[in-house]
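Student: requesting a structural model of the entry that follows:
(2 chains)
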Amino acid sequence: MSALISAPPTAQNGGHTLNGGAKKPSRLKGLQCRECGQTSEIAPKHVCEMCFGPLEVQYDYDVIASVISREKIERGPRSIWRYQDLLPVEGTPQVDLGAGFTPLIKCNNLAKKLGIKSLYIKNDTANPTWSFKDRVVSTALSRAVEFGFDTAACASTGNLANSVSAHAARAGMKCYVFIPSDLEIGKIIGSLIYKPNLMAVKGNYDEVNRLCAEVADRTDWAFVNVNVRPFYSEGSKTLAYEVAEQLGWQAPDHVVIPIASGSMLTKIHKGFNELMKLGLIEQRDFRVSGAQAQGCSPVAQAFEDGHDFVKPVKPSTIAKSLAIGNPADGIYALDTMRSTGGNAAMVSDEEVVEGIKLLAETEGIFTETAGGVTIGVLKKLAESGKIKPDETTVAYITGIGLKTPEAIADHVGAPLQIAPNLASFEAALGRKL
Amino acid sequence: MRDRLRLTFEKDKVADPVVCQMAKQFDVTFSIRRANVETDAGWMDLELQGDDAEIERAIEWLENAGVLVSPAGGDVLAG
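Tutor: Here you go, the predicted model:
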């Protein structure tokens, strides 16, 4: 196993001894079905055998409360692992590229444009493979190693493929990654460089889904978003923990989050609530709003229509990292937005491009299409008064624009071509120096 | 082989006995685990058991009958 780049947890900073020494009471109680409530032991499985509902990790918050504190967290590594007491990995994290603790940036320029007083961007482009997926993959594969898996796998439209490939390389795991064959070249190279077994599936998203569900069913691999999904998804909670810590240990008033499967949105909500439950931040209401692209908006459409179920759609949008037509956690994202008084909105592909440009031109952050969706929806919600001007708002930017330059290549103009002399430069400048 | 599927029904298919017809036409068995069927739409999570090829044919028949068939538990493909 490769060496860690972050400080390994200890008994003082959150580790739970697996080898030697007195055994501590476990923070992890088991898995529980979100639908029927049936419980089972911690194991690599993601759906309830009885009702096919999703399984969630259950924690013993009394045990966690007895070991966690703000000070202990602040002494931890500057990565997701400073919050290990709240993550489903029991020993020293074995698969770590240093994901997390990304910048929370106060965005006065963008706030002014949108008429919001206090706006922050959580810039998760600053992760090891430039997307938030590093959080969930580091969590999933660290747990997978504890289960004894030696092979990592996933099916992805890009960011997850990059992250699984990189983390598997770091951990010395075998790696199988499935992608749709029409993926952007930046995301293909961003996986291939780590030398996974990369399968480009010639088929539509439904066919890719069906194939990968069958493969996941018939292999003994750690399919990060299938059989180890309950552990994988918990990694997204760190997006809440970090924001709370970076805001001086408090929750914001309003968060705006892109929706693909819906898992990240529900886990950010869970993360803030866990900190409140443990007394690490003050108990308060906060609102959760979700962002989707019009070409794949099953959750936002259900919100708008007032439905209490999410109807699958066939994706057709430039925001491929959000192009999940049958979102596993869509119904829970819908519940979260409604129960917190949040909103859901969708934007066209043109508005996605405008959103990417707006964030870059006002705040110097180059996001991918998913970020364009978030900024487009942020703008829409602000303009319609659904974000109140005095709300402290955090928008999550989850991936970098350099992986998908095709999306904006025709919308950013071209450089001025000049000869290598001062006269040519002055001509282009339109004045003498 | 067994396959865990979500069937989604549009308004015009809600009242059609498609699952029953499928089981009569193909050598597969089904077990309904969860469902929510309303007047304007519905869904059903079920487990299909049978030979690979027969399950494939049953799924194709369902799709041709206007039912949206997807993996139970949502898409495996992620961003």
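
Student: now the strands for the stretch 101-250 of chain A?
Tutor: With strands called from DSSP state E, counting those that start in this stretch, the stretch 101-250 of chain A shows them at A:104-106, A:118-123, A:151-155, A:174-180, A:197-201, A:222-223.

Student: the fourth one pairs with which strands?
Tutor: So that's strand A:174-180. According to DSSP bridges, strand A:174-180 has the following sheet partners: strand A:151-155 (parallel), strand A:197-201 (parallel).

Student: among the ones you listed, which is the most enclosed?
Tutor: Burial among the strands paired with strand A:174-180, expressed as mean neighbours by mean count of other C-beta atoms under 10 Å in any protein chain shown, is greatest for strand A:151-155, which shows a mean of 27. C-betas here are computed from N, CA, C, even on glycine.

Student: if we can go back for a sec, could you export the strands paired with strand A:174-180 as a markdown table, including distance to A:Ala370 and mean pLDDT?
Tutor: Converted to a markdown table, these look like this (distance: least, C-beta to C-beta, whole Å; pLDDT from 0 to 100):
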| stretch | distance to A:Ala370 | mean pLDDT |
| --- | --- | --- |
| strand A:151-155 | 17 | 97 |
| strand A:197-201 | 21 | 96 |
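
Student: distance to A:Glu304 for those - can I get that in TSV?
Tutor: Formatted as TSV, the strands paired with strand A:174-180 follow (distance: least, C-beta to C-beta, whole Å):
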stretch	distance to A:Glu304
strand A:151-155	29
strand A:197-201	32
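
Student: quick one: end-to-end length of stretch A:43-59, please.
Tutor: Counting by C-alpha to C-alpha, to the nearest Å, the length from the leading to the trailing residue of stretch A:43-59 is 14 Å.

Student: just stretch A:97-107 next, same as before
Tutor: Across its full length, stretch A:97-107 reaches 28 Å end to end, with C-alpha to C-alpha as the criterion.

Student: ok now that stretch, how far from the chain's centre?
Tutor: Averaged C-alpha coordinates place stretch A:97-107 at 12 Å from its chain's average position (C-alpha atoms, centre = their mean, to the nearest Å).

Student: do stretch A:51-68 as well
Tutor: 20 Å.

Student: ok, and does that stretch reach over to chain B?
Tutor: Yes - using C-beta under 8 Å from any C-beta of the partner chain, stretch A:51-68 reaches chain B at A:Cys51, A:Phe52, A:Gly53, A:Pro54.

Student: what of stretch A:254-270?
Tutor: Yes - residues of stretch A:254-270 contacting chain B under C-beta under 8 Å from any C-beta: A:Ala260, A:Ser261.

Student: in that stretch, which residues are buried?
Tutor: Of the residues in stretch A:254-270, those scored as buried under the neighbour-count criterion (16 or more other C-beta atoms under 10 Å in any protein chain shown) are A:254-270.

Student: filter those residues down to the ones in strands?
Tutor: Among the buried residues of stretch A:254-270, the members falling in strands (DSSP state E) are A:His254, A:Val255, A:Val256, A:Ile257, A:Pro258.

Student: residues touching the last one, list them.
Tutor: Right, A:Pro258. A:Met264, A:Gly290, A:Ala291, A:Gln292, A:Leu322, A:Ala370, A:Gly371, A:Val373, A:Thr374, A:Tyr396, A:Thr398 (C-beta atoms under 8 Å, 6 or more residues apart in numbering or on different chains).

Student: could you dump those residues to JSON lines with secondary structure and pLDDT?
Tutor: Below are the contacts of A:Pro258 laid out as JSON lines (DSSP: H, G, I helix; E, B strand; the rest coil; pLDDT from 0 to 100):
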{"residue": "A:Met264", "secondary structure": "helix", "pLDDT": "98"}
{"residue": "A:Gly290", "secondary structure": "strand", "pLDDT": "98"}
{"residue": "A:Ala291", "secondary structure": "strand", "pLDDT": "98"}
{"residue": "A:Gln292", "secondary structure": "strand", "pLDDT": "98"}
{"residue": "A:Leu322", "secondary structure": "helix", "pLDDT": "95"}
{"residue": "A:Ala370", "secondary structure": "helix", "pLDDT": "97"}
{"residue": "A:Gly371", "secondary structure": "helix", "pLDDT": "98"}
{"residue": "A:Val373", "secondary structure": "helix", "pLDDT": "98"}
{"residue": "A:Thr374", "secondary structure": "helix", "pLDDT": "98"}
{"residue": "A:Tyr396", "secondary structure": "strand", "pLDDT": "98"}
{"residue": "A:Thr398", "secondary structure": "coil", "pLDDT": "98"}
